[in-house]
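K.L.:
Coordinates only, no sequence provided:
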Ligand SMILES: CC(C)(COP(=O)(O)OP(=O)(O)OC[C@H]1O[C@@H](n2cnc3c(N)ncnc32)[C@H](O)[C@@H]1OP(=O)(O)O)[C@@H](O)C(=O)NCCC(=O)NCCS
């Protein structure tokens with residue numbers, strides 16, 4: 001039986017479970033360090049101290065990039081497989097490369113020759129255009145759009161409905177707020193909001 005353990009029993013985890021079911025996982029179990037019981041139809045079997053006891057694939061479904069990275073690395077250390085989960089209703093060009101443990105939600109579009117780092121989230125109806133290089137542990141939020149040839153560092157969060165213009169580079173540890181539009185390179189970590197995006 002194809003089994004997956006999802007770490008993080010949240011709304012985001014629910015969406016990951018839905019994708020896992022759609023791509024053929026028959027047994028889906030959650031682990032969470034702060035919640036017990038069940039998440040809808042799925043059992044929360046315990047906390048992350050149980051990682052080793054499961055013979056299954058794993059997925060880290062935690063929104064915060066730094067926490068996602070920490071748990072992702074803990075899972076990897078235990079030699080567990082972290083698959084890429086792509087919703088059947090996402091459009092991903094053949095030449096796209098996606099790192100392990102990344103999720104691509106329904107309605108997302110990733111165009112040719114884009115590279116997506118490990119542990120990232122390409123959320124519902126987001127788009128990542130041709131030749132982008134998206135770093136590890138990024139979150140490209142719902143309805144945001146990344147134009148062609150954009151490069152992002154690690155732990156970059158592009159907020160809901162935000163836009164990044166083509167050929168822009170964004171350094172690590174940047175949060176581009178909801179609805180913001182980045183039209184220039186961002187070279188200093190921090191939070192950026194507005195149109196055009198400026199440091200908060
Ligand atoms: C930018 C952000 C991190 C700021 O959060 P915060 O530090 O808690 O800021 P606050 O909510 O206290 O707001 C402070 C001020 O900034 C303004 N502001 C907050 N977010 C803003 C945004 N995205 N664009 C423009 N202005 C914003 C607020 O209106 C407020 O203005 P005021 O002082 O005139 O009332 C947050 O609003 C945001 O955009 N997060 C991204 C959420 C998201 O995209 N989630 C997607 C999940 S898939």
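P.N.:
Sure thing, it's come through. For clarity, every value in this text was computed on a predicted model and none was experimentally measured. Numbers count the residues shown, from 1 in each chain.
K.L.:
ok, residue 145 - contacts?
P.N.:
Applying CB atoms under 8 Å, 6 or more residues apart in numbering to residue 145 gives the contacts 126, 127, 129, 162, 163, 164. For every residue, glycine as well, the C-beta is placed using N, CA and C.
K.L.:
Quick check: beta-bridge partners of the residue nearest the centre of the chain?
P.N.:
Centroid check for the chain by CA atoms, centre = their mean gives residue 121 as the closest residue, at 1.5 Å. Bridge pairing for residue 121 (DSSP bridges) gives the partners residue 103, residue 139.
K.L.:
okay, now the domains of this protein?
P.N.:
The chain breaks down by automatic domain parsing into domains covering 3-77, 85-199.
K.L.:
residues contacting residue 143?
P.N.:
Contacts of residue 143 were listed using CB under 8 Å, 6+ apart, and they are 124, 125, 126, 160, 161.
K.L.:
Would you format these as a markdown table with secondary structure and neighbour count included?
P.N.:
What follows is the contacts of residue 143, written out as a markdown table (DSSP: H, G, I helix; E, B strand; the rest coil; neighbours: other CB atoms under 10 Å):
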| residue | secondary structure | neighbour count |
| --- | --- | --- |
| 124 | coil | 18 |
| 125 | coil | 17 |
| 126 | coil | 26 |
| 160 | coil | 15 |
| 161 | coil | 17 |
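K.L.:
can you narrow the residues you listed to ones near the ligand?
P.N.:
Filtering the contacts of residue 143 for proximity to the ligand by CB under 6 Å from any ligand atom leaves residue 160.
K.L.:
Turn the contacts of residue 143 into JSON lines, including pLDDT.
P.N.:
Converted to JSON lines, these look like this (pLDDT from 0 to 100):
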{"residue": "124", "pLDDT": "98"}
{"residue": "125", "pLDDT": "99"}
{"residue": "126", "pLDDT": "99"}
{"residue": "160", "pLDDT": "98"}
{"residue": "161", "pLDDT": "98"}
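K.L.:
From the contacts of residue 143, pick the one nearest residue 140.
P.N.:
residue 126 (4.6 Å; CB to CB).
K.L.:
Excluding chain neighbours, what is closest to the residue of the chain most remote from its centre?
P.N.:
Going by CA atoms, centre = their mean, the residue of the chain most distant from its centre is residue 1, 25.6 Å out. Once flanking residues are discounted, residue 1 sits nearest to residue 26: 4.9 Å by CB to CB, 6 or more residues apart in numbering.
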